[in-house]
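Peer 1: What follows is a predicted structure for the sequence shown.
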Amino acid sequence: MRCVRPLLRLAILSLLVGGGIAFWKQRQGKLTTSTDTPEWPPFEPTATTTAAKTAAFTEPLVDSQIKWVAPIDGGCPDGYPIKGNDNSGIFHVPGGRFYDRTVPERCYASADDALVDGYRQAKA
């Protein structure tokens, strides 16, 4: 009976250690980079993206070319419906998800004016 207890303890200990090693190996496999990730095709600029970039960077912009106005009483004046938020760098168009909640810091006449000023459009 005295020989059985140490053997039983050894068997239980070996099962626990083996389970721990198996868990560790499985966990290591998940943390390494997988070769199953899809490869992205190389970016090939189209004529429209190339033309837009060259048009945007051929002439430096001056402040008089950027058309925005300051909001009046927390809202945009007539003719300038696009709301720009300086903190996030995002502009909101009428009918957008957060348009009504946005307190504008700049108001633009068109989305193109906001894009030229460095803002990006809010996601739908």
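Peer 2: Cool, got the structure. Just so you know, these numbers come straight off a predicted model, no measurement behind them.
Peer 1: For the protein, which segments count as strands?
Peer 2: 68-69, 82-85, 90-92, 106-108, 120-121 (DSSP state E).
Peer 1: Kindly list the longest helix within this structure.
Peer 2: helix 4-31 (DSSP state H).
Peer 1: Mind checking the pLDDT average for it?
Peer 2: The average pLDDT for helix 4-31 rounds to 83.
Peer 1: For it, what is the distance to the chain centroid?
Peer 2: Helix 4-31 sits 42 Å away from the centroid of its parent chain (C-alpha atoms, centre = their mean, to the nearest Å).
Peer 1: circling back: now tabulate the strands of the chain in a markdown table and tack on distance to residue 28, mean neighbour count and mean pLDDT.
Peer 2: From N, CA and C alone the C-beta is placed, and that goes for glycine too. A markdown table is the format used below for the strands of the chain (distance: least, C-beta to C-beta, whole Å; neighbours: other C-beta atoms under 10 Å; pLDDT from 0 to 100):
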| stretch | distance to residue 28 | mean neighbour count | mean pLDDT |
| --- | --- | --- | --- |
| strand 68-69 | 54 | 18 | 90 |
| strand 82-85 | 44 | 24 | 94 |
| strand 90-92 | 41 | 23 | 94 |
| strand 106-108 | 51 | 23 | 93 |
| strand 120-121 | 40 | 12 | 94 |
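Peer 1: Take these and write them to a markdown table, including distance to residue 13.
Peer 2: Formatted as a markdown table, these follow (distance: least, C-beta to C-beta, whole Å):
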| stretch | distance to residue 13 |
| --- | --- |
| strand 68-69 | 72 |
| strand 82-85 | 61 |
| strand 90-92 | 59 |
| strand 106-108 | 69 |
| strand 120-121 | 59 |
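Peer 1: For the longest helix of the chain, name the packing helices and strands.
Peer 2: Using 3 or more C-beta pairs under 8 Å, 6 or more residues apart in numbering; DSSP states H and E, no helix or strand is in contact with helix 4-31.
Peer 1: Sort out which residues of it are buried, please.
Peer 2: Neighbour-count burial for helix 4-31, counted by 16 or more other C-beta atoms under 10 Å, picks out no residue.
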